[in-house]
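*Asks:* Test case, fold it:
(one chain, ligands or ions: 1)
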Amino acid sequence: MKHQVLDKTFVPYLTPAEIEAAIKRMGADISRDYAGKDPLFIAILNGSFMFASDLFKEISIPAEISFIKLASYKGTESTGNVVTAIGLERDLFQREVIIIEDIVDTGKTLSAFLPQLLHQQPASLKICSLLHKKEATTHPVAIDYLGFEIPNLFVVGYGLDYNGFGRNLNQIMQIEA
Ligand code: IMP
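*Replies:* Numbers count the residues shown, from 1 in each chain. Got it, this is the predicted structure:
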């Protein structure tokens, strides 16, 4: 069924069952790859809150989770986008860190943020994203655990918003063509 969010119409794209299956797969992959380790997940708010919650329940090894917000603003022409992390209080030194993102679109946000994390010298740093718009990516980011590759069309639901609304949908919907 179609769904209206503010002035835009959205159509079903990924069902709750498809999302759940992808998350179970990702959770199992991560739990297997990090067996014997105790990774620290860092979920990037707001969009990833629902995904992070469901993914974390699928992690069967000892693990920690922390939530941060990224505020981006335009820096000088030479530095481009500057991203500040709000709420990143844990020490990442020698930790196995896994970033949880809702979607990688242009890749600008993560490519600006990752060097700041690497600066803290984690033992490893991997990216887990529910969605990836490959065609839209101008700043390539290596995604280690991916739910779905999606076309370059705006999506809402399951934590993702359109101007703040639509996050509460239990499915992912795509903007009507
Ligand atoms: P990037 O820096 O372009 O990769 O931006 C990533 C961020 O943009 C995501 O974390 C989302 O918050 C937001 N975003 C990108 N595409 C969409 C979309 O289709 N729907 C909702 N939010 C999106």
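*Asks:* Residue 151: neighbouring residues, count only.
*Replies:* Residue 151 is flanked by 11 other residues according to other CB atoms under 10 Å. Where C-beta positions appear, they are placed from N, C-alpha and C, glycine not excepted.
*Asks:* which ones are touching it?
*Replies:* When contacts are counted by CB atoms under 8 Å, 6 or more residues apart in numbering, residue 151 touches 133, 135.
*Asks:* can you rerun that using 6 Å?
*Replies:* With contact set as CB atoms under 6 Å, 6 or more residues apart in numbering, residue 151 has no partners.
*Asks:* Where does it sit, in terms of helix or strand?
*Replies:* Assigned by DSSP states H and E, residue 151 belongs to no helix or strand.
*Asks:* and what of residue 56?
*Replies:* Here residue 56, judged by DSSP H and E, is contained in helix 49-57.
*Asks:* and the helix or strand that that helix is followed by, what does it pack onto?
*Replies:* Downstream of helix 49-57, the next assigned helix or strand under DSSP H and E is strand 64-74. Packing partners of strand 64-74 (3 or more CB pairs under 6 Å, 6 or more residues apart in numbering; DSSP states H and E): strand 40-45, strand 81-86.
*Asks:* Now find how far off-centre strand 64-74 is within its chain.
*Replies:* Relative to its parent chain, strand 64-74 has a centroid offset of 11 Å by CA atoms, centre = their mean, to the nearest Å.
*Asks:* Could you list the buried residues of it?
*Replies:* Residues 65, 67-68, 70 are the ones in strand 64-74 that count as buried (16 or more other CB atoms under 10 Å).
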